[in-house]
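Pasted the sequence and its predicted model underneath.
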Amino acid sequence: MIKKKKLLILNGSHSEIPLIKSSKSLDFYVITTGNNPELIGHQYSDEYCFADYSDPETVLEVARNLNVDAVCSCSNDFGIMTASYISEKLGLPGHDAYETTKILHQKDLFKKFSMANDIPTPYAEGFDDIDKALAAINKRRFPLIIKPIDLSGGKGVSVVRSAKECPGTIQTAFSLSHSRRIVIEDFIKGSQHSFSTFIVNGRVVFYFSDNEYSYLNPFFVSTSAAPAVNVSEVADDLIQNIEKISKMLSLKDGIFHIQYLYSGKKAYILEITRRCSGDLYPYPVDYSTGLDWAGWIVRAEAGMDCSGFPAVSQKGFCGRHCIMSPKNGIIKNVIIDKQIEGNIYDKLIWLRKSYRINNYLTDKAGVVLLKYDSMDEMLDKTARIHQLIYMNVE
């Protein structure tokens with residue numbers, strides 16, 4: 001009997017379920033890690049091993065002890081940092097050099113790289129000292145955005161509109177950052193979108209775009225709808241910049257995901273990730289294209305040959321919606337309006353009646369996958385999504 005190769009996936013939340021399932025379809029023995037054994041994704045893996053994926057040295061020791069053949073990140077930037085680090089240490093395939101991964105995923109390094117190489121991004125400065133950050137504020141024009149350099153999902157991000165708001169906000173951002181570094185970025189008004197691509201030999205062979213929406217936390221994406229309304233205007237420029245970055249940094253084959261701000265008919269690149277996006281993001285991609293998007297991400301991160309990536313394109317109208325609460329409290333029920341029942345083609349709900357919501361700005365009860373017959377229907381129902389799918393708490 002041929003022994004299966006071992007793949008270590010660096011978490012087991014709902015967001016890793018597509019990666020875990022696709023990895024098993026590729027005949028890997030899947031081991032999940034993370035510091036919460038109760039997460040729903042772990043039940044889909046072959047084995048769970050306790051380790052905090054944001055701690056590279058601990059995960060490196062786990063990977064050594066388990067003698068894994070490959071490592072796949074989770075849907076978090078700390079995961080891709082750790083995956084790159086341990087792959088480099090162990091000589092495993094499928095990941096960019098660790099220093100390259102830092103450039104792309106740590107906001108201050110990415111901003112510095114982008115501005116030095118004419119990559120379109122809002123102007124920003126990085127700081128590792130609170131006093132220097134406060135002094136720099138006096139030279140900038142408000143409003144400004146303050147961000148920890150190493151958190152995703154909008155954690156610790158704030159808009160400041162006057163100097164008096166800055167001391168507390170800057171202190172908070174520094175305290176939340178694992179590396180105690182922040183960026184202060186120009187605020188540009190516009191709409192937010194994503195552009196998820198796959199690169200092979202430095203060239204973009206596929207892209208999937210969508211519109212991104214937030215609920216009560218303006219920096220936490222809770223809903224997406226695809227395709228992006230402006231994709232025809234920005235795709236060529238985004239692809240050109242992706243391939244430019246890929247050539248400059250000698251990137252490995254695999255996912256290259258951009259979050260961008262659309263303003264004045266121009267796309268400003270906010271962030272880049274080389275990992276799977278969360279909240280079941282692969283499934284709308286699958287619905288639109290027929291791909292196993294998570295499967296191709298796993299192939300790349302496991303160092304498998306990706307030259308056979310199929311010639312497919314984004315079609316139709318689809319999206320996903322995270323069910324979130326308007327306040328903290330005990331879940332009474334989840335309501336799905338009849339107007340949108342016919343648009344749901346799948347859903348995963350893991351928090352139900354009697355569960356407590358402790359942080360309504362980030363906690364999710366589930367994810368609903370949606371399809372639409374037209375762009376008009378998609379935009380209309382997405383605009384009303386929190387009246388059509390919502391949670392009652394008491």
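Yes, it's here.

show me the residues around the most centrally placed residue in the chain that make contact.
Most central in the chain under Cα atoms, centre = their mean is Ser277, positioned 3.6 Å from the mean C-alpha point. Contacts of Ser277 were listed using Cβ atoms under 8 Å, 6 or more residues apart in numbering, and they are Ser75, Ser194, Ser196, His257. C-betas here are computed from N, CA, C, even on glycine.

Show the pLDDT at the last one.
Put plainly, it is His257. Note for His257: predicted pLDDT of 98.

wait, is it part of a strand?
Yes. Counting by DSSP: H, G, I helix; E, B strand; the rest coil, His257 is part of a strand.

isn't it right next to Phe195, touching?
Yes. Between His257 and Phe195 there is a contact under Cβ atoms under 8 Å: 7.5 Å.

For the top strand by length along the chain, name the packing helices and strands.
Assignment by DSSP state E gives strand 203-214 as the longest strand of the chain. Packed against strand 203-214 by the contact rule (3 or more Cβ pairs under 8 Å, 6 or more residues apart in numbering; DSSP states H and E) you find strand 191-200, strand 221-226, helix 231-249, helix 282-289.

So which elements touch the second one?
Strand 221-226 makes packing contacts with strand 203-214, helix 282-289, strand 317-323, helix 375-383 when contacts are defined by 3+ Cβ pairs under 8 Å, 6+ apart.

coming back round to it: could you tell me the phi and psi values at the residue nearest to the centre of the chain?
Per-residue torsions, Ser277: phi -70, psi 160 (degrees, to the nearest 10).

quick one: the residue nearest to Lys266 when sequence neighbours are not counted from Glu185, how far?
Nearest non-adjacent residue to Lys266, counting by Cβ to Cβ, 6 or more residues apart in numbering: Pro120, 6.7 Å away. Using Cβ to Cβ, to the nearest Å, Pro120 is found at 13 Å from Glu185.

more crowded one of the two?
Taking other Cβ atoms under 10 Å, Pro120 and Glu185 do not tie; Glu185 has more neighbours (22 against 16).

contacting residues around the closest residue to the more buried one other than its chain neighbours?
Spatial nearest neighbour of Glu185, excluding adjacent residues (Cβ to Cβ, 6+ apart): Ala124 at 3.8 Å. Taking Cβ under 8 Å, 6+ apart, we find Ala124 in contact with Lys107, Asp108, Lys111, Met115, Val183, Ile184, Glu185, Asp186.

shaky segments in the stretch 201-350 of the chain?
Nowhere does the stretch 201-350 of the chain drop to pLDDT under 70.

just to revisit the earlier point, which one of the helices and strands packed on strand 203-214 is the most hemmed in?
Comparing the helices and strands packed on strand 203-214 by mean neighbour count (mean count of other Cβ atoms under 10 Å), strand 221-226 comes out on top with a mean of 24.

What are the contacting residues of stretch 209-216?
Under Cβ under 8 Å, 6+ apart, the answer for stretch 209-216 is 154, 191-196, 220-229, 231, 235, 259, 284, 314, 319, 324, 326, 360-361, 382, 385-386.

Give me the pLDDT for the residue nearest to Lys266.
98.

got the contact list for it?
Ser114, Asp237, Asn241, Lys266, Ala267, Tyr268, Ile269.

can you redo the residues you listed as a markdown table with secondary structure and distance to Leu369?
Shown next, in a markdown table, are the contacts of Pro120 (DSSP: H, G, I helix; E, B strand; the rest coil; distance: Cβ to Cβ, whole Å):
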| residue | secondary structure | distance to Leu369 |
| --- | --- | --- |
| Ser114 | helix | 33 |
| Asp237 | helix | 30 |
| Asn241 | helix | 30 |
| Lys266 | strand | 31 |
| Ala267 | strand | 26 |
| Tyr268 | strand | 29 |
| Ile269 | strand | 27 |
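
Just the buried ones from the residues you listed?
Burial of those was assessed by neighbour count (16 or more other Cβ atoms under 10 Å); the buried members are Ser114, Asn241, Ala267, Tyr268, Ile269.

okay, those in a markdown table with distance to Lys347 next?
Shown next, in a markdown table, are the buried ones among the contacts of Pro120 (distance: Cβ to Cβ, whole Å):
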| residue | distance to Lys347 |
| --- | --- |
| Ser114 | 37 |
| Asn241 | 35 |
| Ala267 | 31 |
| Tyr268 | 33 |
| Ile269 | 32 |
